[in-house]
Structure formats: structure tokens, C-alpha cells
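Let's see this in three dimensions:
(chains A and B)
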Amino acid sequence: MPRAFAALRRSIPLAPPAAQKKIIFFSAAAATALAVAAVPLLAHAEEARPQAEPQDIVVIGPTGSTRAPAAQSTVVEADKFAGEVRSVAEMLSTSPGVSVHALGGPGQATTLSLRGASADQSLVLLDGIPLHGPGGGAVDLATLPASLLDRLVISRGVLGAQFGAGALGGVVELVPVHPRGDRLQGEARLAAGSFGTFGASGSVAAPWASEGKGVFAVQVDRTGGAFPYDQQLTPEVAGSPYYEFTRENADAWRASTLLRAATPIASSTEVDLLFQGSLGDRGLPGSATAPTPRSRELDRSAMLGARVRGTAGPADVSARLWGDLDLIELRGVSAFGDCADGAPDCPRSHQSASALRGEVEAGVPLGETQWLRGTVAGGMDRATGDATGFHRRGVFSASVSDDVRLGALSVFPAARLDVVGQDVGVSPAVAATLRPWEEPIELRAGAGISFRAPSFSELYLQQGGLSPNPDLAPERARSIDAGIAWRTRKLTLSAGAFASWYRDLIVYELFPPAAVKPFNVGAARILGLELQAVAALPLGFAAELAYTALQATNTRPGTLEGHSLPYRPPHRLFVRLAHHAERFESFAEANWTASMPRNSFDTAFLPAQLLLNAGVGARVAGPLWIDLEAKNLLNDRTLQDLFQYPLPGFTLAVIARARL
Amino acid sequence: MNRTRILPLLCLLACGGGVAPPQQHIPLPSGAQLKPYDPANPGEARPLYTAQLGGRVYATLSNARAQGNFVVTAGPGFLAGIDPFSGNVDLIDLGGSDEHQCTNPGVVRVDSGKLYVACSGDFSGSTPGRGVFEVDPNGKTVSRGLVTPEGFVPSGVAVTATRVWLGDSATPHLISVDRATFAMADGSDPAHPPIPVTCPTTGQFPFVPYVGIVAGDLYALCATTEAGVLGRFDAQTGAAKGSVAVGAQPTEFAATGDGRIAVVNSNENTLTLVTPGATLTAQLALTFSSSTSTLQDVKARGQLVYTVASGSNTVQKIDLAAAGGPKVVAEANTGLGSNPFNLEALDDDTVVVVNYATSDVVSRTLTTAQ
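You can find the predicted model right below:
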């Protein structure tokens, strides 16, 4: 290999090209939240709290659907994890169809894969506002404060028509906490655990003005990150010993806040405001084979949205204006791994991105069995940085969706026009549900076509050996899926299968003599099976199971055709048993991921992983609960995530929480 | 007898024991020793390719520094002559009178007591610093040099009695230099165009990462991200004599003791054995462990093959004659973050490895596991 490529390999963790650039850019990209993210407290301690059940994503309000649904979706109630230390990624991983890729331990970058799609190909929305990294790429889930969320809705499939361009694997909707009831409420939580981990969160919800409501929440997390791990130094030799190492430069802290306020301004009109901000500082420890003890990342982000909602006759109308800003500063990052921050050959690197949007949405009933909705949105995205320069592009979208009830059959057609810079695309979709015998059986099916415009980093990022390609075209995808569900008050069973096809995928290729560059040369087919079961058992027990099978195949003509796509686990299983009573609670869960390929040739594999977690808690006085949680009970210290980043072994945490 | 061997031999005679082992660790020159263009911003040695001659290990030093996320040439290219036993390092400046004649030196070859180095310049193919250089190790000087044609970025060097062959890391071509006159031959003008190399039909932007002479024939790799081809050529005329598919993104090859050619395929994490005959045939010899990554170098010694995995900081010894087929029989780690690039085997169980990231030389014992 030319030594230019060798130097490139040295500076980029070994990873498939598409992920390589993400790794580099995550270093310059999204903010991070620590894994010691607080979660909302339990509702009234004196109530025996039922565990969450999967819910239909179609939120049927008094005036019809709020959004055309996906055929397969899961709702995760954040409250279910009260008394546990859960990051957003960990909560998402309890759903079928989800695979989470963590670059190491708590506080380190974490991305999401829905139905085998890459992290760039899934949307993450906070209160309907799309989140993205500073280069327009994937969101770092570790930057999202779990305690500020009420629930997470995971919709899977090609959903561009419903949610916008970029939703090729699906969409995660993060629903922030909101006021409950008309009285002052508060929650507080403290957690402390292994490796110098500490977390604190609190929220206050209160009515104000005449009928207004507001909630203010804050979360602070910190971890020392110095966990021990085991690694072989000569893995080719059978029986080669493991040596103990301590993770260095893996500390992180984060502070996040959320403010929501809503107040009626007329008889049927309400205005609401949302502000979410976060700032953090973390070490970038590097892979197990190439540690970077001097690299660090600082980030700041803020989002502000204002919305007016009301009714006009039979129609409901809303208008919203929002904007966000993400800032990243890299220190001690160099082409050779790390360097001494402040040295002449070790300049700090900056990257920022911002977005501004205005959108109008209206829905109107057409008779008794049909609800028509349309949206129009427009705005501007901007990115600037040392590695990209300054770029901006206009965005515009117009969509229409329908909700048609035909007895037991409901049909949800949707179509959307998206303009993202120079790229224009139309995304059609249709979903349907059938309840042939009313409850409890429901049949679902869906199909969609959409696209993802190249991100700013793919178009313009020049960083070391990474070359940009401003001529990139959008990636395109289509999918079909079908499923069946059995829902009763105590039991939910669902099974679904899907098939997705991708073309013009952006893949990083060697670009001699000394660079890698993205090109639209990839193609893939992903088939999958998703199973989920949730049961409310007697005596306050609840059980759940989520299983995903994936067959992700490279269909790019040539040598790679027919090989598995790397980093897509062929099987994932999550099983959980929990108990909640008036004064005691406990849980035990297992999370198993099958061995998966880590290159495009089926010649190297990540081993299977099994994580066992458990916890117990007691209400010790009034509303005060004390919980003890243990993760990785098997203390497997050889675990590594995708790019040879070690994961922590056994960890312990103590949580104190109260809700007033 | 080479003076560098006297010390261990004296020990053998006087100490009543075996030959003294090579130095465990030898730091390479840095700072002012590398004649930085900007004295306030010197580079590190950043060693790459190696060759053995006269008891010394010669390593090309790219003399680079980081400028943020970019690798920048900090000074002229060097050839380091390393005595692995004493730790002595001789520096041979390849930069010429203006210190810019050779930058980013790559592959180094030994032939007839001389060393031949391919220098890539700034990889643009259009600025000074690219070319091929003949080095006299005894005089520690560059005896001859040639700037390669514009647009050509030398990536490998192979030497015959009459020709010095170079691969191009920008396009899939070969050029040659008349060894007697040290003037361009193939690739010199339209009447003597560069010689095209057979390349994979899949993948983008093929290039030539490595060339070499095996049993009198010239061989050249052509690589893409997803495939690779080893081509055979007449070493005098460059006439094509067949090719065979190897693995994805091959990096280097070496002639084995049994007449075959071992090729390491970096992207695919495999070792291919090519059998020269009337036609070339290839077989998958070994798939490395999933934890082994970024295969870079391969050397051979009898039935043993040695490989370097830069991403996992490991070097391997492979026995081609092991029961059940080629097998890794020993492995050593060169240190976290060391990024080894090339090695030289001093004997069956001892290798000297140059580390790109840590700019040093280490020795490792590869005793066959029983």
C-alpha cells in the first residue's frame, strides 16, 4: 500500500469507509450525553405501576391522526427505566429493529442503526425537530439527555413521505417531558457508580398564567471513565493470554437543560415554546490498539422552537419556527492520532452547523372516515468549519397524507416533495392496518420510497486523507413490510417482516495516490424479521422480549456482491423481567448480539456479546426510592464495540430518586 | 567480515554462549538530525519500507509531521542504516543539494550491493521530490537519481541487471529506467509509453502498490478497495506474461522458499499464495484472525513467511509447511499505537520491525509455538 494510505490508515480507526468518515467527523461532530443519564421518576409511588406496552404509533386524537404511521413501530416509555441508569441508546436498544453502535464506554459517541441502515440513514427528532451532527450527518445519541425524555417512538422503514428525506431506515421520535396535571410537580434524581460516575437531574412542572403549563428540567452527568478491560496482544496465537489495561482519557461530563412552556392565547389556540441546550467535554480515548490519550472534544448545542396550534372550523392548524446550533471543538487531534494541545503543530479544530426552519401544518376531516393533512416547510442549513469551509443550502418540503377508514381497514397514503440544496426528490408511501375481527388482532403493511441527500461532510469535508466529493447524488431506498399484532390489556405480541433495497449508497473508496473519497457506488438489500412480546404478569411482574433477525447483503456488482454488509448483527435478542410493587422493584435483563462481520468480505468478525443487567430498589421513605443497579454481571472485560473500542466490565450504580 | 558482525561473534567466542540478541528498542533520529525545512517545526522519522544489506537493516524515513489532521513533509527523505545489534543508526540524506530531490521515500530494494529507493514527492506527480535514487551504502551517498515523468507517482521499485522498474500509485502503469545510463526507458516518451498493468474489473481507481522481481520475472500488484491482481511481466521488455486475481487491496508480496509468491491482502485480511507456472494460479492460504488488521508487509525465509499488521500492532510468523496448511505459528506485539510497517527477519525466530507511529525500531522473537 502506498505509504500515503498507510498514514491514512494510521489516523482513521479501522472501519468500513462509510463509518470511517463518521468516526473522524464524530470527533468533530455531535455533542455527547453520558450514559449515566437520569430517567424520569416513577409516577406516584403508592401506585403499582404497570410496565410499558408497545403502543400504536398512530396517535389518534380527537381531530384525527397527527401523522401517517409506519407499519412497524414501538414506543418505549422512559418511565419504565426509573431507578436504572439508562442512556438514550440503551433505551432504544430494547426495541426490535434497533442496533446501537457505541464507541466505547459511558459518554463516548453512540450512533443508531435502524433495520440495518447506516446511522446517516435514520432520522432522530426531538419534539418533531430533526437533530443532526454538525456536518449534517448522524446524531450522536450520547449527547441526548435521557432524563429529559418522556418516551421514545421508534418507527421503522423507509419513511421519507411521513417524516422527510433521510428516513431510509426509520425514525426515532424523542418526546420530551411535559407537565402532567394542573399542580406543581417535581422530580429529582441522584446517581453514583463505578469509575467515578455521577449524575443528577431534576425537573419542575408547574401551571402558570391562566391555563399555561411549563416544565423545566436539567441533567448533569460526569464519568471518570477509567474502567479496566482485558485485551489480547497476540490474537493469532491460540490460547494467547489477556492482559489488563485501564481505559485512559475516557472521562466525560455533560450538562443539559430543557424548557417547555405552553399557554392558550385564544379559545382554541395554544402557543408552545421549547428550548433544549447541552454542553459537554469528553476525552477521545481512541481504539484499544491505537489509544489517543491527549485528544478531547468540547461541544455545545442549542435548539429553540416556537409553535402556534389551533383550530379553524373543523381543521386544525399549526405553525412552527425553529432553529438549532451545534458547535464542536477538537483538541489534541492529529493525523498521527493525538498531539499536545497548544503545540504549534496541534491546532484546535472547529466545526459548527445550524438550521432554521418554518413550517405550517394543517389537517381537515373529510367526512366521518377520512382525515387529510398537509405540511409545507422551508429553511436553511449551514455548516462551517476548519475542515469543510462555509456552506449552506436551502431546504423545502411539501407533503400530504391521508387517513382513510374503511370499516376494519385503515389506509394511510402519503407523499412528500423534498428539496435539499440541489437535490429534489419525491417520496411516496402507503401504510394500512386491518382489524378483521376488531380486537385483538391487527394486520399491518406498508411500503415507501425515499432518498437521503448527501451530508455537508460527505460533500465538503477535507480532513487528512479524506477528500470531499461535491458531485455526490442522493442515496435512494425503497421498502415493504408487513406484520401482525395481538394486543390485549395484558399481552402484546407482534411479528413483522420487511425488505429494503438501497442504491447509490455513498461509499468511501481509495482515491490514489493519497486519499479516500466518497462515491455513489454502493447497493444493498436488507431483509429482516422483528418479533416483540410484552406481558403484564400477575403480582406486578412484567416481561418483554424483542428479537431482530437481519440479512444485510451487499448487492453492488463486483467482488463484494453477495457478501454481508459489515456491522449488521444477524440476530439480536433482548429479554427483560421486571417487578414493581408499592415499596419494592427489581428487574433482570439480557441483551444478546450475534457475531457480525467487521469487514465487507466475511473474513473478519466481531464476536457475539451477552450482557446481563439487574437491579433492585426500595421505597425507603415517602416518595424516596433507593435503587441499586449492576450491569455486565458476567464481568466480561473483553467486550469491544465496532472499531476495537473497549467496553466496561461489571459496573455498579446507586440511584436515589423522588417525585413530588 | 562485516564489522557489524564482529561484536556478536566475539561474544560467541568469549562469552561461551549464543549470539547476542538484537537491541529490543532503537529510537530513530529526530529533530535537527532530519534537517527540517523549518527548524521550528521538525518532523519525526516515520519509517516505512525496509531491506537488508551487509548486516544492516535499511529503512526509508518519510520525515513527516502532523499539521492538524494533515501529514506534511518536514524535510528531505532519508535512508537509515540500522545495526540491529549495536543500535547504531547511519543516516543517508536523499534530498540532494537542495534537500528536495527526494521526499516521502517508499520502497527500498537491494541489488548488487546498492540500494534503490522510490520517492513519491508530495504525491501530486507534479512537484520535485519524486523519482528513483541509487544509494551507495558504503559511501552513504546517493550515487545516481532520476526525476520521474510528470504525473507519475513512484510506488514501488524492482531491479534487474538492466532495468529499474517503478510502479505508479496514481494510475495502473509501470515505467522503467535504464540501469546503465539511469535514463528513462519505458515511459520516457510517446514512443516508449508506460506499460499498462492488468487490474481488477471491480472497484474504483486501480493503482500499483508494489513491484518486485521473482525468479527473473517482474511482478506488479494492481489494487482497488475490493479486489487485487498480481501481474507478471518480462523483466527486460515489460511484455505481459499473465495475471491472476489475489485478494482485496493487496499491499506487498514476497517470494517464498518453495518458489511461490506470498501476497498480503489488506482489506480482505488474507494471505494468498500464487504459483508461477505456464499460467499463474492463486489460492487462499490463510485468513487472519478477526483481531488482526491492516496487513502491510510480507517477507519470506524458506518455508516461513512473516507478515506485519499495522492496525493491530502485530507481526506474525507463518509456516507454509505446517500440518493442515499454512498456519500462524508465532506472533508478537510491537506496542500499543506503534503502527508497525515493515520487518526484516534476521533468522527464523528473530525479526526487526520499524514502527511508523512511534518512529522506532524494535526486535521481536517469533519462536514457533509447540
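
From residue B:295, how far out is the residue of chain B found nearest chain A?
Here chain B gets closest to chain A at one residue, residue B:202, 3.0 Å apart by CB to the nearest CB. Using the backbone N, CA and C atoms, a C-beta is placed for each residue, glycine as well. Shown here: residue B:202 relative to residue B:295, a distance of 20 Å by CB to CB, to the nearest Å.

Among the two, which residue is more densely surrounded?
Taking other CB atoms under 10 Å in any protein chain shown, residue B:202 and residue B:295 do not tie; residue B:295 has more neighbours (29 against 17).

Return the residues in contact with the residue of chain B closest to chain A.
Residue B:202 makes contacts with A:557, A:558, A:559, A:560, B:224, B:226, B:227, as judged by CB atoms under 8 Å, 6 or more residues apart in numbering or on different chains.

and the closest residue to it other than its chain neighbours, how many neighbours?
Taking CB to CB, 6 or more residues apart in numbering or on different chains as the measure, residue B:202 lies nearest to residue A:558, with 3.0 Å between them; neighbours along the chain are not counted. Other residues within reach of residue A:558 by the criterion other CB under 10 Å amount to 14.

which SSE is residue A:558 in?
Assigned by DSSP states H and E, residue A:558 belongs to no helix or strand.

okay, which residue is most central for chain B?
In chain B, the residue lying closest to the centroid (CA atoms, centre = their mean) is residue B:49, at 3.6 Å.

Could you verify that it is part of a strand?
Yes: the assignment for residue B:49 (DSSP: H, G, I helix; E, B strand; the rest coil) places it in a strand.

and it, what does it touch?
With contacts taken as CB under 8 Å, 6+ apart, residue B:49 has the following neighbours: A:3, B:59, B:60, B:105, B:106, B:107, B:108, B:297, B:341, B:342.

For the fifth one, give me the backbone phi and psi.
So that's residue B:106. For residue B:106, the backbone dihedrals (degrees, to the nearest 10) come out as phi -120, psi -110.

How about the one 10 residues further on?
According to degrees, to the nearest 10, the main-chain angles of residue B:116 amount to phi -120, psi 130.

Wait, a helix at residue A:137?
No: looking at residue A:137 with three-state DSSP, it is coil, so not inside a helix.

hang on, isn't it packed against residue A:460?
No: under the criterion of CB atoms under 8 Å, residue A:137 lies out of contact with residue A:460, with a separation of 11.9 Å.

who's more crowded, the two?
Applying other CB under 10 Å to residue A:137 and residue A:460 shows that residue A:137 carries more neighbours, namely 25 against 21.

Against residue A:453, how distant is that one?
Where residue A:453 is concerned, residue A:137 sits at a distance of 11 Å (CB to CB).

What residues are bridge-paired with the closest residue to residue A:153 other than its chain neighbours?
The shortest distance from residue A:153 to any residue other than its chain neighbours is 4.1 Å, reached at residue A:173 (CB to CB, 6+ apart). Beta bridges link residue A:173 to residue A:125, residue A:153, judged by DSSP bridges.

Can you name the residues that contact residue A:417?
A:396, A:397, A:398, A:399, A:424, A:425, A:426, A:427.

make it 6 Å
The neighbourhood of residue A:417, defined by CB atoms under 6 Å, 6 or more residues apart in numbering or on different chains, consists of A:398, A:426.

again, but for the one 10 residues further on
Neighbour list for residue A:427: A:160, A:161, A:416, A:450 [criterion: CB under 6 Å, 6+ apart].

Check residue B:89 too.
For residue B:89, the contact set (CB under 6 Å, 6+ apart) comprises B:80, B:82.

beta partners of it?
residue B:82.

That one and residue B:33, how far apart?
The span separating residue B:89 from residue B:33 equals 9 Å under the rule CB to CB.

for the contacts of residue A:427, which one is nearest chain B?
Taking CB to the nearest CB as the measure, chain B lies nearest residue A:450 of the contacts of residue A:427, at 26.2 Å.

Going by neighbour count, list what's buried in the helix or strand hosting that closest one.
Counting by DSSP H and E, the secondary-structure element that holds residue A:450 is strand A:441-452. By neighbour count, and taking 16 or more other CB atoms under 10 Å in any protein chain shown as the criterion, the buried residues in strand A:441-452 are A:442, A:443, A:444, A:445, A:446, A:447, A:448, A:449, A:450, A:451, A:452.

neighbours of residue A:268, just the number please.
Neighbour count of residue A:268, defined by other CB under 10 Å: 11.

what's near enough to touch it?
A:310, A:311.

What backbone torsions are found at it?
Residue A:268 adopts backbone torsions of phi -130, psi 30, taken as degrees, to the nearest 10.

What separation do you get for it and chain B?
According to CB to the nearest CB, to the nearest Å, residue A:268 and chain B sit 55 Å apart.

Read off the pLDDT value for that residue.
The per-residue pLDDT reported for residue A:268 equals 86.

thinking again about what came up before, mind putting the contacts of residue B:202 into JSON lines with pLDDT and distance to residue B:114?
Shown next, in JSON lines, are the contacts of residue B:202 (pLDDT from 0 to 100; distance: CB to CB, whole Å):
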{"residue": "A:557", "pLDDT": "94", "distance to residue B:114": "46"}
{"residue": "A:558", "pLDDT": "92", "distance to residue B:114": "42"}
{"residue": "A:559", "pLDDT": "92", "distance to residue B:114": "39"}
{"residue": "A:560", "pLDDT": "94", "distance to residue B:114": "42"}
{"residue": "B:224", "pLDDT": "92", "distance to residue B:114": "33"}
{"residue": "B:226", "pLDDT": "93", "distance to residue B:114": "38"}
{"residue": "B:227", "pLDDT": "95", "distance to residue B:114": "35"}
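
Of these, keep whichever come out buried.
Buried residues within the contacts of residue B:202, defined by neighbour count using 16+ other CB under 10 Å: A:559, A:560, B:224, B:226, B:227.

List the buried residues in the one helix or strand residue A:297 maps to.
Assessed by DSSP H and E, residue A:297 sits inside strand A:296-312. Within strand A:296-312, the residues that qualify as buried are A:296-305, A:307-310, counting by 16+ other CB under 10 Å.
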